[in-house]
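Student: Got a predicted structure here, sequence first:
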Amino acid sequence: MSISYVLGAEPIWYIVNNNGTPSGGATLTSYDALTGNAKPIYMNAEGAAWDNPIDFDLNGTSGPFYFAVDSANPNDGYFLVVKDAQGNPLWSVNNYLPAGGGGGGGGGTDYSQILNYITNGPMINHIGNTQITPAVSLPISLVVAPSNHKGFTPYTSVPIIGTYGALGPDIMFLKGSTVNQDNIQFMLFAFSSSPMAAGSSTDITPVDFLQYQCTSSNTGDVYKCFQFPITQKVKNLSNQKMTFKVWAMVSTGTQTLPVYLRQYYGSGTAATPESTSTLTLIGNCAVTTTWTAFYLNFTVPSVGLNSIGTLGSQTDDDAIYVQLGMPLDTAVIISFTKPALYLGTIQPPQDFNTYDQIDSVNSTARTGDVKTSYLSTAPLGWIAMNDGSIGNTGSAATIPAAKGAHAFALFKTIWDGVSNNTYAPVSGGRGSTALADFLANKTLTLPRALGRALAGAGSGSGLTPTTLGEWQGQETVLLTGVNLPSGTPFNSTGSGTALITPDGTYNVPASTSNAYSQGGNTAFFIIQPTTYFNVFIKL
């Protein structure tokens with residue numbers, strides 16, 4: 001074996017940021033492309049090593065860079081990661097070799113940002129410890145933690161169920177049988193524990209991990225998995241090389257966890273149905289009693305021969321999911337954490353996001369969220385709650401921005417959430433499901449908001465019970481026993497001798513300390529509005 005140090009393609013390297021300007025203070029971290037261990041870059045041909053990571057100056061430059069080449073293993077290249085001064089990934093290159101005047105070699109180079117497309121791998125804001133009692137109705141679907149949500153099939157009180165379980169946003173546990181009981185717990189790593197800092201693969205140990213347990217081994221399980229939403233639009237990643245990563249272990253023995261890519265072509269008429277061609281096994285994780293990182297390289301199947309449905313009868317909820325399967329018909333305890341999905345055939349050794357970074361995605365506005373604003377028109381992706389209607393392309397919907405396949409998510413969210421047809425009427429009356437009415441080109445009128453105060457649905461203390469989306473009714477609150485400051489306006493009911501001003505109010509005299517009554521009339525507050533807003537709802 002002979003190690004030589006070969007000058008890189010460019011003696012001095014220059015790094016630009018995503019705005020095309022010099023990335024002052026950028027860093028270059030280098031790893032062994034085969035093992036993932038740190039592997040230094042050198043200052044000269046004699047083997048004087050740079051610090052790892054290497055810091056770039058304020059002009060975004062550094063160098064010269066010499067790379068170690070092993071004559072006994074000439075294809076053992078570098079995995080290079082470049083970040084800006086704030087630690088944000090700029091780019092990476094795998095299997096970099098200096099020979100021949102540049103990177104590449106050894107079967108090709110994947111060039112991409114190291115970005116995890118599974119939001120919330122550490123599963124913050126999770127549901128906590130949950131016992132999943134076998135249900136009478138199937139399938140079972142349980143939201144475990146928030147995650148990607150834009151444009152996915154709405155997961156409402158009436159979820160859409162495909163061949164391989166429920167569709168929808170967020171990380172979910174899916175199960176297709178009732179024969180066994182399952183438990184989910186979130187276990188803390190001990191402060192002294194660093195199970196992901198040992199061996200050839202190293203990573204940053206999170207706060208806790210998900211522990212799945214099946215308490216019995218009755219036969220008859222159909223499927224059991226944890227599902228991670230990746231992106232809306234099934235076409236986006238067609239034919240792309242990708243890498244799935246997860247850390248996992250089993251309490252005793254060994255188990256095999258299958259990982260699937262689920263390509264869902266939407267809920268519209270004539271969309272490609274789910275079958276073996278839309279659920280692709282991308283690899284298996286041979287789990288042992290030791291925490292281990294599993295990397296599965298695969299190519300996303302082409303969507304070329306499939307369809308998202310008949311034009312005019314589409315629902316715009318086609319999407320891609322990854323499913324981590326659990327053992328069937330087996331009493332077992334499986335632990336896993338930090339599921340990740342990356343572009344390219346890579347093995348990034350470390351992945352970390354702060355809770356704020358994760359929460360910034362999880363907490364973005366969701367379909368059906370409402371906001372008030374002084375904007376005169378709705379921002380893109382929102383529509384005004386102007387007593388108008390929404391629906392499919394062929395419907396008579398009156399809100400142009402909510403007429404088409406993209407309106408299905410809001411249509412279903414309101415249809416399922418506002419059960420009273422008075423408050424969210426459907427043209428021609430409600431059918432069997434939101435999907436059926438949408439595809440039948442019916443319209444749904446938004447709950448009324450114009451000129452109305454926004455209030456929380458439910459049974460407030462001493463108030464009239466209200467339902468979600470209700471827009472009629474009023475509250476009259478007796479002021480008995482309430483100390484009213486001098487000058488407080490009130491209204492009186494009935495006929496009597498109450499002193500009423502022309503605008504229908506009367507000011508409480510300075511001598512009155514409680515609810516005012518005169519001539520048998522009872523005093524009530526009048527709420528004087530001070531300002532009105534536009535009200536918008538998220539598509």
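Tutor: Sure, I can see it.
Student: quick check, Ile537 in a strand?
Tutor: Yes - counting by DSSP: H, G, I helix; E, B strand; the rest coil, Ile537 is found in a strand.
Student: burial of it, as a residue count?
Tutor: 23 (other C-beta atoms under 10 Å). For every residue, glycine as well, the C-beta is placed using N, CA and C.
Student: now swap in Asp57 and tell me
Tutor: With other C-beta under 10 Å as criterion, Asp57 counts 11.
Student: likewise Thr289?
Tutor: 11.
Student: roughly how far is the biggest helix by length in the chain from the heart of the chain?
Tutor: Counting residues, the longest helix found in the chain (DSSP state H) is helix 408-417. Taking C-alpha atoms, centre = their mean, to the nearest Å, the mean C-alpha location of helix 408-417 is offset from the chain mean by 19 Å.
Student: same check, this time on stretch 455-465
Tutor: On C-alpha atoms, centre = their mean, the centre of stretch 455-465 falls 31 Å from the chain's centre.
Student: same check, this time on stretch 310-328
Tutor: 15 Å.
Student: CA atoms only for that stretch - export them in CSV, please.
Tutor: Extracted in CSV, the C-alpha atoms of stretch 310-328 (Å, rounded to 0.1, in the frame of the first residue of the first chain):
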residue,chain,number,x,y,z
THR,A,310,-59.3,12.2,-15.9
LEU,A,311,-58.8,15.8,-16.6
GLY,A,312,-61.5,17.8,-14.8
SER,A,313,-62.0,15.0,-12.2
GLN,A,314,-58.6,15.1,-10.5
THR,A,315,-58.1,15.9,-6.8
ASP,A,316,-54.6,17.3,-6.7
ASP,A,317,-53.7,15.1,-3.7
ASP,A,318,-51.2,12.7,-5.5
ALA,A,319,-48.1,12.3,-3.3
ILE,A,320,-45.2,10.2,-2.3
TYR,A,321,-44.8,8.4,1.1
VAL,A,322,-42.2,6.2,2.7
GLN,A,323,-43.4,3.3,4.9
LEU,A,324,-41.2,1.6,7.5
GLY,A,325,-42.8,-1.8,8.0
MET,A,326,-43.1,-3.6,11.4
PRO,A,327,-42.9,-7.4,11.8
LEU,A,328,-46.2,-9.2,11.2
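Student: May I see the buried residues of that stretch?
Tutor: Using 16 or more other C-beta atoms under 10 Å as the test for burial, stretch 310-328 gives 313-328.
Student: One more: stretch 161-171?
Tutor: Buried residues in stretch 161-171 (16+ other C-beta under 10 Å): 161-162, 164-171.
Student: any idea which of those is the one closest to Gln185?
Tutor: Ile171 (15.1 Å; C-beta to C-beta).
Student: which residues sit in contact with that closest one?
Tutor: 120, 123, 143-147, 226-229 (C-beta atoms under 8 Å, 6 or more residues apart in numbering).
Student: ok, and what's touching stretch 376-386?
Tutor: Contact with stretch 376-386 is made by 370-371, 390, 399, 401-402, 410, 446-450, 534-539, as judged by C-beta under 8 Å, 6+ apart.
Student: if we can go back for a sec, and which of the buried residues of stretch 161-171 is nearest Asn73?
Tutor: Nearest to Asn73 among the buried residues of stretch 161-171, with distances taken as C-beta to C-beta, is Ile171, at 40.1 Å.
Student: quick one: the closest one from Leu28, how far?
Tutor: 34 Å (C-beta to C-beta, to the nearest Å).
Student: Could you do Ala331 as well?
Tutor: Ala331 is 49 Å from Leu28, by C-beta to C-beta.
Student: Please say which of the two ends up with more neighbours.
Tutor: Leu28 (21 against 13).
Student: any idea what that one is structurally, helix, strand or coil?
Tutor: Going by three-state DSSP: Leu28 is strand.
Student: Any stretches of the stretch 151-300 of the chain with poor pLDDT?
Tutor: For the stretch 151-300 of the chain, the stretches flagged by pLDDT under 70 are 198-200.
Student: how about 80 then?
Tutor: Applying pLDDT under 80 to the stretch 151-300 of the chain flags residues 197-201.
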